[in-house]
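1. pasted the sequence and its predicted model underneath.
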Amino acid sequence: MNITKLVRENIKSLKPYSSARDEFKEFTSEMVFLDANENPFDNGVNRYPDPQQITVKDTLSKLKGVSVPQILLGNGSDEVLDLIFRAFCEPKQDNIITLPPTYGMYKVLANINNIEEREVLLTENFEPSVEQILKVADTRSKILFLCSPNNPTGNSFSTNTVEELLTKFKGLVVIDEAYIDFSVEKSWLSKLDEFPNLIVAQTLSKAYGMAGIRLGICYASSEIIAILNKIKPPYNINELTQKKALKKLLNKNKVQHEIQKIIEQRTKLIEKLGSISFIEKIYPTDANFVLIKVDNAIKRYSQLIDKGIVIRNRTTQPLCENTLRLTVGTKSENKKLIEALKDI
Ligand SMILES: *Cc1c(COP(=O)(O)O)cnc(C)c1O
């Protein structure tokens, strides 16, 4: 597959902004920096952050077994996904494919970027329909978004289905792995070298417990990453985020411990949900949330609000009539949820 052919013409010829930190990199701390019009008085954040976030990427590289030139960081996955749109999708000409019910940002980003969004519903058991996707795709279909484990359904897509799409779809395949750390399935990261059109998006917002610092991660071929690097804002990851992220990434045991706790709580929550009379179905989940079908989602949602518990009503999503999405909380939060459900 020829990745360059997928890039927008204006991006191909773009000369990126060159920051002070880009132009002079061989610095040592005892040098005098008078190149970026910064305030010289040290307060921890008076200097611009590293535009290439090398320390964070080095750490991720070792943790994930992916080389540094195959990593790009964004201000949340939202920025990562937006950069992919802007590099590859020509407004009013190209299109992207999403598979509802799924994460709402793909559609919003398509709309913001004035890109046609083509929707191919998941099957009844929430798997992508390869045949339908390939039928809807044309030569201007630049990106296929696969969210696995999928939000809001919670399931991971079958490996064979994803592989078939990676082989047969003639554009980029973005696999959004926001929930991969809660999953029994393996990440697609190990397949980056096998599929040149594969982009894997991950985030520190869920399993790593850092939604507040906004750090999204994009893994792809070094060719794709180089294109995205050309268009990213020079200082898109601030100094505080880089410091916090690094500390967390180096504390692998704590992260693993929290994930284990959440998975344990997920099992317990599912067990307890089974005894609530108006819950008609509990969908299998590979994420840190559970999708349930109830008798009347609007009614149950507002009853829970009245009891001070906020969940997500997904009833307007296709194939999700009368469903509610419940995030797995702490032991005591889950207990409150179950008690409230019993009360109503
Ligand atoms: C929560 C979530 C994200 C995370 O987005 P950030 O911008 O990194 O916080 C990405 N994709 C999906 C499917 C999600 O549910």
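-> Great, that's in hand. Everything quoted here is computed from the prediction, not taken from an experiment. Residues are numbered from 1 along each chain as shown.

2. from the stretch 1-150 of the chain, which residue is nearest to the ligand?
-> Residue nearest to the ligand within the stretch 1-150 of the chain: residue 76 (2.8 Å; Cβ to the nearest ligand atom). Where C-beta positions appear, they are placed from N, C-alpha and C, glycine not excepted.

3. quick one: what helix or strand has residue 118 in it?
-> Here residue 118, judged by DSSP states H and E, is contained in strand 116-119.

4. try residue 82
-> Using DSSP H and E, residue 82 falls within helix 76-88.

5. residue 231 and residue 86 touch, don't they?
-> Yes - look at residue 231 against residue 86 with Cβ atoms under 8 Å: they come within range, at 5.9 Å.

6. between these two, which contacts overlap?
-> Common contact partners of residue 231 and residue 86 (Cβ atoms under 8 Å, 6 or more residues apart in numbering): residue 11.

7. sorry, back to before: the strand holding residue 118 pairs with which strands, and in what direction?
-> Looking at strand 116-119 with DSSP bridges, its partner strands are strand 95-98 (parallel).

8. give me the distance from the helix or strand just after the strand holding residue 118 to the chain's centre.
-> Where DSSP H and E defines the elements, the next helix or strand beyond strand 116-119 is helix 130-136. What separates the centre of helix 130-136 from the centre of its chain is 24 Å, taken as Cα atoms, centre = their mean, to the nearest Å.

9. which residue, other than its chain neighbours, is closest to residue 166?
-> residue 195 (4.5 Å; Cβ to Cβ, 6 or more residues apart in numbering).

10. and the one you found, how many neighbours?
-> 19 (other Cβ atoms under 10 Å).

11. hang on, residue 232 packs against residue 74?
-> Yes - if you go by Cβ under 8 Å, residue 232 and residue 74 touch, sitting 7.2 Å apart.

12. which residues of this protein lie near the ligand?
-> Residues of the chain lying close to the ligand (Cβ under 6 Å from any ligand atom) are 76-78, 103, 147, 151, 176, 178, 203, 205-206, 211, 216.

13. same thing but 5 Å
-> Contacts of the chain with the ligand, taken as Cβ under 5 Å from any ligand atom, map to 76, 77, 78, 103, 147, 151, 176, 178, 203, 205, 216.

14. okay, and which of those map to helices?
-> Under the assignment DSSP state H, the residues of the chain next to the ligand contribute 76, 77, 78 to helices.

15. against residue 81, how distant is the closest residue in space to the second one that isn't next to it in sequence?
-> Going back to what we said before, that points to residue 77. Leaving aside its sequence neighbours, residue 77 sits nearest to residue 216 (Cβ to Cβ, 6+ apart; 3.6 Å). Counting by Cβ to Cβ, to the nearest Å, the gap from residue 216 to residue 81 is 8 Å.

16. mind listing what residue 188 touches?
-> Listed by Cβ under 8 Å, 6+ apart, the contact partners of residue 188 are 162, 175, 177, 198, 200.

17. and of those residues, the nearest to residue 58?
-> Residue 58 has its nearest neighbour among the contacts of residue 188 in residue 200, at 18.4 Å by Cβ to Cβ.

18. check which helix or strand covers the closest one.
-> Using DSSP H and E, residue 200 maps to strand 198-203.

19. go on, residue 280?
-> Using DSSP H and E, residue 280 falls within strand 279-282.

20. name the residues that touch the helix or strand just after that strand?
-> Next helix or strand after strand 279-282 toward the C-terminus (DSSP H and E): strand 289-294. Outside of strand 289-294, the residues within contact range by Cβ under 8 Å, 6+ apart are 151-154, 266, 269-270, 273, 278-283, 285, 300, 314, 320-328.

21. show me where the stretch 201-344 of the chain has its helices.
-> Remark: helices assigned in the stretch 201-344 of the chain by DSSP state H, counting those that start in this stretch are 222-231, 239-250, 252-273, 297-306, 331-343.

22. could you list the residues in contact with the second one?
-> Meaning helix 239-250. Against helix 239-250 from outside (Cβ under 8 Å, 6+ apart): 44-45, 47, 49-50, 53, 55-56, 59-60, 63, 204, 208-210, 213-215, 254-255.

23. residues of it that come out buried?
-> Within helix 239-250, the residues that qualify as buried are 241, 242, 243, 244, 245, 246, 248, 249, counting by 16 or more other Cβ atoms under 10 Å.

24. so what's residue 329 up against?
-> 265, 337.
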